[in-house]
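Trainee: this is the structure alone, sequence omitted:
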């Protein structure tokens, strides 16, 4: 896959994770806090673009569902 696209999605999910982390820390809510930490870390370990997008979308929606 294209390195630029992977980098853009990594930055996108990392910034969403930072927002969830800050919200979870301020509100003392565990689900957004943990989802934010995982969203910031998981792009380092996933090399497939499609898997990265799938996991990122699931983790982004997860705090809204729970």
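Mentor: Arrived safely, thanks for sending. Treat the numbers as computed from the prediction; the structure is a model and nothing was measured. Numbers count the residues shown, from 1 in each chain.

Trainee: going forward, measure contacts and count neighbours with C-alpha atoms only.
Mentor: OK.

Trainee: tell me which residues in the helix or strand hosting residue 36 are buried?
Mentor: Counting by DSSP states H and E, the element that carries residue 36 is helix 30-41. Neighbour-count burial for helix 30-41, counted by 16 or more other Cα atoms under 10 Å, picks out 32-40.

Trainee: ok, stretch 9-18 next?
Mentor: When burial is assessed from 16+ other Cα under 10 Å, stretch 9-18 yields the following buried residues: 9-10, 13-14, 16-18.

Trainee: now do it: distance to the chain's middle.
Mentor: Between the centre of stretch 9-18 and the centre of its host chain there is 6 Å, according to Cα atoms, centre = their mean, to the nearest Å.

Trainee: sorry, back to before: let's have the buried residues of stretch 9-18 in JSON lines, adding pLDDT.
Mentor: Putting those into JSON lines (pLDDT from 0 to 100) gives the following:
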{"residue": "9", "pLDDT": "95"}
{"residue": "10", "pLDDT": "94"}
{"residue": "13", "pLDDT": "96"}
{"residue": "14", "pLDDT": "96"}
{"residue": "16", "pLDDT": "97"}
{"residue": "17", "pLDDT": "97"}
{"residue": "18", "pLDDT": "97"}
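
Trainee: so who does the spatially most central residue of the chain touch?
Mentor: Using Cα atoms, centre = their mean, the residue of the chain that lies closest to the mean C-alpha position is residue 39, 2.4 Å off. Taking Cα atoms under 8 Å, 6 or more residues apart in numbering, we find residue 39 in contact with 13-14, 16-17, 56, 59-60.

Trainee: what do you get for residue 60?
Mentor: Applying Cα under 8 Å, 6+ apart, one finds that residue 60 lies in contact with 16, 35, 39.

Trainee: with residue 43 instead?
Mentor: Remark: with contacts taken as Cα under 8 Å, 6+ apart, residue 43 is in contact with 10, 13-14, 52.

Trainee: and if we set it to 10 Å?
Mentor: With contacts defined as Cα atoms under 10 Å, 6 or more residues apart in numbering, the neighbours of residue 43 are 6-7, 9-11, 13-14, 49, 51-53, 55-56.
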